[in-house]
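Chemist: Next one to model:
(one chain, ligands or ions: 2)
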Amino acid sequence: MGSIVAIVGRPNVGKSTLFNRLIQRREAIVDAVSGVTRDRNYGKTEWNGRTFSVIDTGGYVVGSDDIFEVEIDKQVELAIDEADAIIFMVDVESGVTGMDEAVTNLLRRVKKPIFLVVNKVDTAIRQNDASEFYSLGLGEYHTISSISGSGTGELLDAIVEALPAIEEKEEEEIPRFAVVGRPNAGKSSFINALIGEDRYIVTDIAGTTRDSLDTKYNRFGFDFNLVDTAGIRKKSKVSEDLEFYSVMRSVRAIENSDVCILLIDATRGFEGQDQSIFWLAEKNKKGIVVLVNKWDLVEKETNTTKEFEAMIRRETAPFTDVPIIFISALTKQRIFKAIETAVEVYENRKQKISTSKLNDTMLDIVKQNPPPAHKGKYVKVKYCMQLPSPTPQFVFYANLPQYVKDPYKRYVENKMREIYNFTGVPIVIHFRKK
Ligand code: GDP
Ligand code: GDP
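Modeler: Ligands and ions are numbered 1, 2, ... in the order given. Next up, the predicted model:
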């Protein structure tokens with residue numbers, strides 16, 4: 001279960017500078033593989049062996065005073081609802097401002113760990129200046145310089161310490177589905193069509209450390225958990241007009257799921273928000289099923305379905321091996337197909353391929369079409385294996401792994417997808433030294 005840390009604060013205190021620092025650390029160490037990063041305000045970081053998500057809630061706030069009240073309210077509301085810990089950033093250059101006090105007031109009722117972070121403490125003198133932030137009444141603070149990075153190590157130590165312990169998920173062999181999508185895509189209608197008026201509930205398992213709620217259902221002969229989503233829980237009082245807020249509302253549901261069922265509104269196409277949620281799921285290595293909903297409203301000609309599908313595949317390239325199903329939550333068309341496919345994707349994501357089988361199939365392919373030589377040196381792959389990770393990852397051991405570039409990895413991935421069934425599942429290919 002992933003933990004989420006949100007950064008709040010008024011504009012220009014340095015939130016995105018810190019965010020970028022946290023995320024780059026991770027991109028360099030953990031995420032050399034993926035290639036696609038399309039979210040500016042969400043990312044993963046790793047510290048002391050603990051991985052967590054970071055949200056820069058200020059991504060879309062424009063620095064003008066009159067819109068500030070509304071925007072800061074949304075920011076803080078998002079952080080309070082979705083995060084496990086909150087970084088509240090202030091700026092030593094400007095000292096305590098009325099806006100800082102407003103944020104403090106919003107945060108007062110919050111039970112989650114809050115880290116007051118005084119930024120731009122680039123010098124020893126500013127270290128002393130920082131003491132004026134005691135007046136906010138939030139107690140101890142951390143001083144950092146986001147630009148140089150000083151102080152951020154201590155801050156991260158404290159944050160990681162305060163995050164909820166990683167729950168040992170009981171190895172229940174039941175898929176966890178998150179139904180995600182933009183507002184009005186039809187999430188509640190789909191869930192309703194799927195499970196009716198809660199008649200198929202098997203148990204309620206209240207989240208232990210937080211307010212998440214997983215509900216176990218049996219429908220069409222399949223057991224599955226539906227992860228709490230915006231569609232099920234009470235509609236937030238905060239409007240979700242801004243794409244950013246709407247997308248960030250699905251972070252927790254996505255992180256807690258095995259397979260994301262992404263609903264899109266056929267009458268609107270596959271737009272920015274749909275894409276952002278798609279990549280969020282991909283980045284978290286979750287299974288994905290795309291449901292094109294409201295298909296009853298679309299006037300169909302011979303190639304309408306094909307064209308719609310091709311359009312989505314263009315937008316999601318290179319990850320195109322994803323099921324796309326045309327449904328109507330209203331008429332219940334293909335609801336069974338949707339859930340059956342989600343279960344298949346879950347199985348695909350769980351599969352383990354034995355080392356001998358993998359070498360039998362993949363080594364031949366790699367030998368017949370080896371990575372391009374680099375400065376006259378040939379890359380020789382010795383053997384390959386699947387890692388014991390929760391989502392499919394494969395290592396190819398080679399003499400010169402540093403010469404293997406992304407296009408070749410994609411070639412290997414595509415070959416694997418031809419041979420094995422990884423439909424709907426992001427897979428990761430590593431080349432390592434042997
Ligand atoms: P945001 O609006 O809160 O996301 O703030 P930004 O990250 O965009 O930073 C606002 C300005 O403060 C930029 O000009 C940054 O270069 C500057 N800044 C951020 N962190 C520091 C720091 O640690 N020290 C100094 N001196 N400037 C900083
Ligand atoms: P949510 O915000 O994603 O939970 O979306 P809702 O389930 O509340 O649906 C938004 C609107 O779209 C409602 O007016 C639904 O009746 C309508 N709607 C949902 N699914 C369909 C569908 O398959 N066909 C049609 N025609 N309308 C739908």
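Chemist: these two touch, right, Gly95 and Arg126?
Modeler: No - checked against C-beta atoms under 8 Å, the pair Gly95 and Arg126 is beyond contact range at 10.7 Å. Bear in mind the C-beta positions are built from the backbone N, C-alpha and C, glycine included.
Chemist: Now stretch 374-384: buried residues?
Modeler: 379, 381, 383-384 (16 or more other C-beta atoms under 10 Å).
Chemist: From these, which land in strands?
Modeler: With strands defined by DSSP state E, the entries of the buried residues of stretch 374-384 inside them are 381, 383-384.
Chemist: Which of these sits closest to Asn105?
Modeler: Comparing those against Asn105 with C-beta to C-beta places Cys384 closest, at 56.5 Å.
Chemist: In three-state terms, label Leu330 for me.
Modeler: Going by DSSP: H, G, I helix; E, B strand; the rest coil, the secondary structure assigned to Leu330 is coil.
Chemist: Surely it is in contact with Lys294?
Modeler: Yes - taking contact to mean C-beta under 8 Å, the distance of 7.3 Å between Leu330 and Lys294 places them in contact.
Chemist: joint contacts of those two?
Modeler: For the pair Leu330 and Lys294, residues contacting each of them under the criterion C-beta atoms under 8 Å, 6 or more residues apart in numbering are Gly186.
Chemist: Please verify my assumption that Leu358 contacts Met385.
Modeler: Yes - using C-beta under 8 Å, Leu358 and Met385 qualify as a contacting pair, with a distance of 6.4 Å.
Chemist: For these two, indicate the residue with more neighbours.
Modeler: Leu358 (20 against 17; other C-beta atoms under 10 Å).
Chemist: Assumed that one was part of a helix.
Modeler: Yes - secondary structure assignment places Leu358 in a helix (three-state DSSP).
Chemist: For it, give me its contacts.
Modeler: Residues in contact with Leu358, defined by C-beta under 8 Å, 6+ apart, are 384-386, 394.
Chemist: ok, now Thr104?
Modeler: With contact set as C-beta under 8 Å, 6+ apart, Thr104 has these partners: 88, 136-138.
Chemist: Look at Leu330 and Lys294 and report which has more neighbours.
Modeler: Between Leu330 and Lys294, counted using other C-beta under 10 Å, Lys294 has the larger neighbour count: 22 against 16.
Chemist: what's the closest non-adjacent residue to the more buried one?
Modeler: The spatial neighbour of Lys294 that comes closest, neighbours along the chain excluded (C-beta to C-beta, 6 or more residues apart in numbering), is Ala266 at 4.7 Å.
Chemist: now swap in Glu413 and tell me
Modeler: Ile429 (5.4 Å).
Chemist: helices and strands around the helix or strand containing that neighbour, which ones?
Modeler: If you go by DSSP states H and E, Ile429 is part of strand 428-433. Counting by 3 or more C-beta pairs under 8 Å, 6 or more residues apart in numbering; DSSP states H and E, the packing neighbours recorded for strand 428-433 are strand 393-398, helix 406-419.
Chemist: Cheers, nothing more for now.
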